[in-house]
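[1] here is a sequence with its predicted model. Questions after.
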Amino acid sequence: MFRIGYIDDEPTQYANYAKKLKRRYPDMELILFENCSTREEFVDKIYEEQADVLLIDYKMASTYGFNGTTLISYINDRVQDLECFILTAVEQDRITDGLVARRNRFSKTIFDTEGDDPDKVKAFNEFVAVLRESAEVFKLRREQKVERYRELLERKKAGALNGMEEDEYRNLYRVLSSYGMVEKLPQKMLESQFDKDLERLLKAGDAILKEYGEKE
(Lines give C-alpha, C1' and ligand atoms only; values in the text may rest on other atoms or scores of the structure.)
Protein backbone atom coordinates (compact mmCIF):
# COMPACT_ATOMS: atom_id res chain seq x y z
CA MET A 1 0.00 0.00 0.00
CA PHE A 2 1.33 3.43 -0.96
CA ARG A 3 0.14 6.51 0.91
CA ILE A 4 -0.09 9.74 -1.07
CA GLY A 5 -0.32 12.85 1.07
CA TYR A 6 -2.68 15.52 -0.27
CA ILE A 7 -2.37 19.18 0.78
CA ASP A 8 -4.95 21.73 -0.38
CA ASP A 9 -6.41 24.71 1.47
CA GLU A 10 -9.73 24.13 -0.33
CA PRO A 11 -9.96 20.33 -0.73
CA THR A 12 -13.41 20.31 -2.33
CA GLN A 13 -12.37 17.64 -4.85
CA TYR A 14 -10.41 15.47 -2.43
CA ALA A 15 -13.10 12.78 -2.04
CA ASN A 16 -13.53 12.63 -5.82
CA TYR A 17 -9.78 12.31 -6.43
CA ALA A 18 -9.41 9.66 -3.72
CA LYS A 19 -12.28 7.62 -5.17
CA LYS A 20 -10.91 7.76 -8.72
CA LEU A 21 -7.45 6.75 -7.60
CA LYS A 22 -8.71 3.88 -5.47
CA ARG A 23 -10.97 2.58 -8.24
CA ARG A 24 -8.10 2.14 -10.68
CA TYR A 25 -5.31 1.52 -8.18
CA PRO A 26 -6.51 -0.30 -5.02
CA ASP A 27 -2.99 -0.33 -3.57
CA MET A 28 -2.75 3.48 -3.53
CA GLU A 29 -4.47 5.71 -1.00
CA LEU A 30 -4.88 9.49 -1.10
CA ILE A 31 -4.55 10.95 2.41
CA LEU A 32 -5.83 14.46 3.15
CA PHE A 33 -3.56 16.44 5.49
CA GLU A 34 -5.98 18.16 7.84
CA ASN A 35 -5.65 20.48 10.85
CA CYS A 36 -2.33 21.97 9.76
CA SER A 37 -1.62 25.69 9.55
CA THR A 38 2.18 25.99 9.55
CA ARG A 39 5.00 24.46 7.55
CA GLU A 40 6.26 22.70 10.67
CA GLU A 41 2.85 21.09 11.21
CA PHE A 42 2.80 19.80 7.64
CA VAL A 43 6.20 18.16 8.20
CA ASP A 44 4.90 16.55 11.39
CA LYS A 45 1.87 15.30 9.45
CA ILE A 46 4.14 13.60 6.90
CA TYR A 47 5.51 11.39 9.66
CA GLU A 48 2.15 10.95 11.36
CA GLU A 49 0.50 9.73 8.15
CA GLN A 50 3.59 7.85 6.90
CA ALA A 51 3.28 9.51 3.50
CA ASP A 52 5.30 8.02 0.64
CA VAL A 53 4.84 10.93 -1.78
CA LEU A 54 3.03 14.30 -1.68
CA LEU A 55 0.58 16.18 -3.91
CA ILE A 56 0.40 19.86 -2.97
CA ASP A 57 -1.84 22.63 -4.26
CA TYR A 58 -0.02 25.72 -5.50
CA LYS A 59 -2.24 28.67 -4.59
CA MET A 60 -2.50 28.57 -0.77
CA ALA A 61 -0.96 31.89 0.35
CA SER A 62 -4.29 33.47 1.32
CA THR A 63 -4.90 30.63 3.79
CA TYR A 64 -1.45 29.69 5.07
CA GLY A 65 0.76 32.63 4.14
CA PHE A 66 2.81 30.55 1.70
CA ASN A 67 2.25 28.83 -1.63
CA GLY A 68 2.71 25.15 -2.43
CA THR A 69 6.10 25.66 -4.07
CA THR A 70 7.43 27.39 -0.95
CA LEU A 71 6.11 24.54 1.18
CA ILE A 72 7.83 21.99 -1.06
CA SER A 73 11.12 23.85 -0.73
CA TYR A 74 10.74 23.75 3.06
CA ILE A 75 9.86 20.04 3.09
CA ASN A 76 12.78 19.16 0.79
CA ASP A 77 15.18 20.69 3.32
CA ARG A 78 13.78 18.59 6.17
CA VAL A 79 12.52 15.30 4.74
CA GLN A 80 15.18 14.07 2.37
CA ASP A 81 14.19 11.80 -0.53
CA LEU A 82 10.43 12.45 -0.20
CA GLU A 83 9.18 13.48 -3.64
CA CYS A 84 6.67 16.35 -3.76
CA PHE A 85 4.48 17.36 -6.70
CA ILE A 86 2.41 20.45 -7.36
CA LEU A 87 -1.22 19.68 -8.29
CA THR A 88 -2.95 22.88 -9.31
CA ALA A 89 -5.66 24.56 -11.35
CA VAL A 90 -3.28 27.47 -12.01
CA GLU A 91 -1.81 27.61 -15.52
CA GLN A 92 1.78 26.39 -15.64
CA ASP A 93 3.10 29.67 -17.05
CA ARG A 94 1.83 31.52 -13.98
CA ILE A 95 4.09 29.54 -11.65
CA THR A 96 7.24 31.60 -12.03
CA ASP A 97 9.10 31.32 -8.71
CA GLY A 98 11.36 28.54 -10.01
CA LEU A 99 11.11 26.48 -6.80
CA VAL A 100 9.61 23.35 -8.40
CA ALA A 101 10.62 21.92 -11.78
CA ARG A 102 7.92 21.74 -14.45
CA ARG A 103 8.18 17.94 -14.53
CA ASN A 104 6.95 17.95 -10.92
CA ARG A 105 3.88 20.08 -11.66
CA PHE A 106 0.54 18.65 -12.79
CA SER A 107 -2.84 20.15 -13.58
CA LYS A 108 -5.81 19.04 -11.50
CA THR A 109 -7.47 18.07 -14.77
CA ILE A 110 -5.24 14.97 -14.69
CA PHE A 111 -7.99 13.39 -12.57
CA ASP A 112 -10.60 14.07 -15.28
CA THR A 113 -11.13 10.54 -16.60
CA GLU A 114 -14.90 10.75 -17.02
CA GLY A 115 -16.23 8.73 -19.91
CA ASP A 116 -13.01 6.71 -19.97
CA ASP A 117 -11.56 8.91 -22.72
CA PRO A 118 -8.49 6.89 -23.79
CA ASP A 119 -6.17 9.89 -23.96
CA LYS A 120 -7.22 11.13 -20.52
CA VAL A 121 -6.97 7.65 -19.02
CA LYS A 122 -3.50 7.26 -20.53
CA ALA A 123 -2.38 10.58 -19.06
CA PHE A 124 -3.80 9.62 -15.66
CA ASN A 125 -2.07 6.24 -15.72
CA GLU A 126 1.25 7.88 -16.58
CA PHE A 127 0.74 10.36 -13.73
CA VAL A 128 0.09 7.55 -11.25
CA ALA A 129 3.14 5.67 -12.56
CA VAL A 130 5.27 8.69 -11.64
CA LEU A 131 3.76 8.77 -8.14
CA ARG A 132 4.32 5.04 -7.69
CA GLU A 133 7.94 5.19 -8.81
CA SER A 134 8.61 8.13 -6.48
CA ALA A 135 7.03 6.26 -3.56
CA GLU A 136 9.05 3.13 -4.30
CA VAL A 137 12.29 5.13 -4.44
CA PHE A 138 11.51 6.78 -1.10
CA LYS A 139 10.80 3.39 0.46
CA LEU A 140 14.02 1.87 -0.88
CA ARG A 141 16.11 4.79 0.36
CA ARG A 142 14.59 4.47 3.82
CA GLU A 143 15.48 0.78 3.85
CA GLN A 144 19.06 1.55 2.85
CA LYS A 145 19.43 3.95 5.77
CA VAL A 146 18.52 1.40 8.45
CA GLU A 147 22.05 -0.05 8.52
CA ARG A 148 23.58 3.42 8.94
CA TYR A 149 21.12 4.20 11.72
CA ARG A 150 21.99 1.00 13.61
CA GLU A 151 25.68 1.83 13.29
CA LEU A 152 25.07 5.28 14.78
CA LEU A 153 22.88 3.77 17.51
CA GLU A 154 25.72 1.55 18.68
CA ARG A 155 28.07 4.52 18.71
CA LYS A 156 25.46 6.48 20.64
CA LYS A 157 25.28 3.76 23.29
CA ALA A 158 29.06 3.94 23.56
CA GLY A 159 28.98 7.73 23.89
CA ALA A 160 31.12 8.08 20.76
CA LEU A 161 29.01 10.35 18.51
CA ASN A 162 30.28 13.77 17.49
CA GLY A 163 27.97 16.74 16.93
CA MET A 164 27.29 16.05 13.24
CA GLU A 165 26.66 12.38 13.92
CA GLU A 166 24.22 13.29 16.70
CA ASP A 167 22.16 15.31 14.20
CA GLU A 168 22.29 12.52 11.61
CA TYR A 169 21.33 9.93 14.23
CA ARG A 170 18.30 11.89 15.43
CA ASN A 171 17.14 12.72 11.90
CA LEU A 172 17.37 9.08 10.84
CA TYR A 173 15.58 7.98 13.98
CA ARG A 174 12.69 10.36 13.36
CA VAL A 175 12.16 9.13 9.81
CA LEU A 176 12.70 5.41 10.36
CA SER A 177 10.75 5.17 13.63
CA SER A 178 7.83 7.16 12.19
CA TYR A 179 7.55 4.64 9.35
CA GLY A 180 7.81 1.69 11.75
CA MET A 181 11.19 0.57 10.43
CA VAL A 182 13.10 0.71 13.74
CA GLU A 183 12.09 0.33 17.36
CA LYS A 184 11.02 3.30 19.47
CA LEU A 185 13.67 4.52 21.89
CA PRO A 186 13.44 6.13 25.34
CA GLN A 187 13.86 9.91 25.37
CA LYS A 188 17.30 9.70 27.00
CA MET A 189 18.61 7.97 23.87
CA LEU A 190 17.66 11.03 21.81
CA GLU A 191 19.43 13.58 23.98
CA SER A 192 22.80 14.75 22.71
CA GLN A 193 25.88 15.19 24.87
CA PHE A 194 25.63 18.91 24.17
CA ASP A 195 22.09 18.95 25.58
CA LYS A 196 23.25 17.11 28.69
CA ASP A 197 26.23 19.43 29.21
CA LEU A 198 24.02 22.47 28.73
CA GLU A 199 21.50 21.16 31.25
CA ARG A 200 24.27 20.61 33.81
CA LEU A 201 25.60 24.14 33.25
CA LEU A 202 22.14 25.65 33.65
CA LYS A 203 21.57 23.74 36.88
CA ALA A 204 24.95 24.85 38.18
CA GLY A 205 24.13 28.43 37.27
CA ASP A 206 20.78 28.24 39.04
CA ALA A 207 22.49 26.87 42.16
CA ILE A 208 25.02 29.71 42.16
CA LEU A 209 22.31 32.33 41.74
CA LYS A 210 20.28 30.77 44.53
CA GLU A 211 23.29 30.71 46.86
CA TYR A 212 24.16 34.30 46.00
CA GLY A 213 20.57 35.39 46.63
CA GLU A 214 20.49 33.70 50.02
CA LYS A 215 23.70 35.49 51.08
CA GLU A 216 22.16 38.85 50.25
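    Great, that's in hand. Numbering: from 1, shown residues only.
[2] CA atoms for contacts and neighbours, from now on please.
    Will do.
[3] this structure: strands as residue ranges?
    Remark: strands assigned in the chain by DSSP state E are 2-7, 28-32, 53-56, 84-88, 105-107.
[4] the fourth one - contacts with which helices or strands?
    Using 3 or more C-alpha pairs under 8 Å, 6 or more residues apart in numbering; DSSP states H and E as the contact criterion, the neighbours of strand 84-88 among helices and strands are strand 53-56, helix 68-78, strand 105-107.
[5] what residues does it touch?
    The contact list for strand 84-88, computed with C-alpha atoms under 8 Å, 6 or more residues apart in numbering, reads 53-59, 68-69, 72, 100, 104-108.
[6] could you list the buried residues of that strand?
    For strand 84-88, a neighbour-count test (16 or more other C-alpha atoms under 10 Å) marks 84-88 as buried.
[7] which one of the contacts of strand 84-88 is nearest Met189?
    Val53 (29.3 Å; C-alpha to C-alpha).
[8] my guess is the closest one contacts Gly5, does it?
    Yes: between Val53 and Gly5 there is a contact at 6.2 Å, judged by C-alpha atoms under 8 Å.
[9] give me the more crowded residue out of these two.
    Val53 (26 against 21; other C-alpha atoms under 10 Å).
[10] residues in contact with the more buried one?
    3-5, 82-84, 131, 134-135, 138.
[11] so it bridges to which residues?
    For Val53, the beta-bridge partners are Ile4 (DSSP bridges).
[12] for Asp81, see how far away it is.
    9 Å (C-alpha to C-alpha, to the nearest Å).
[13] any common contacting residues for these two?
    Common neighbours of Val53 and Asp81 (C-alpha under 8 Å, 6+ apart) are Phe138.
[14] quickly note the distance from the nearest residue to Lys184 once chain neighbours are set aside to Tyr169.
    Distance criterion C-alpha to C-alpha, 6 or more residues apart in numbering; nearest residue to Lys184, sequence neighbours excluded, is Ser177 at 6.1 Å. The gap separating Ser177 from Tyr169 is 12 Å, by C-alpha to C-alpha.
[15] before we move on, what about Asp52?
    In terms of C-alpha to C-alpha, Asp52 sits 21 Å off from Tyr169.
[16] between these two, who's got more neighbours?
    Set Asp52 next to Tyr169 and count neighbours by other C-alpha under 10 Å: Asp52 wins out with 25 against 22.
[17] for the residue positioned nearest the centre of the chain, give me its contacts.
    Nearest to the mean C-alpha position of the chain, by C-alpha atoms, centre = their mean, lies Ile46 at 4.1 Å. Ile46 makes contacts with Gly5, as judged by C-alpha under 8 Å, 6+ apart.
[18] where does the protein dip in pLDDT?
    For the chain, the stretches flagged by pLDDT under 70 are 192-216.
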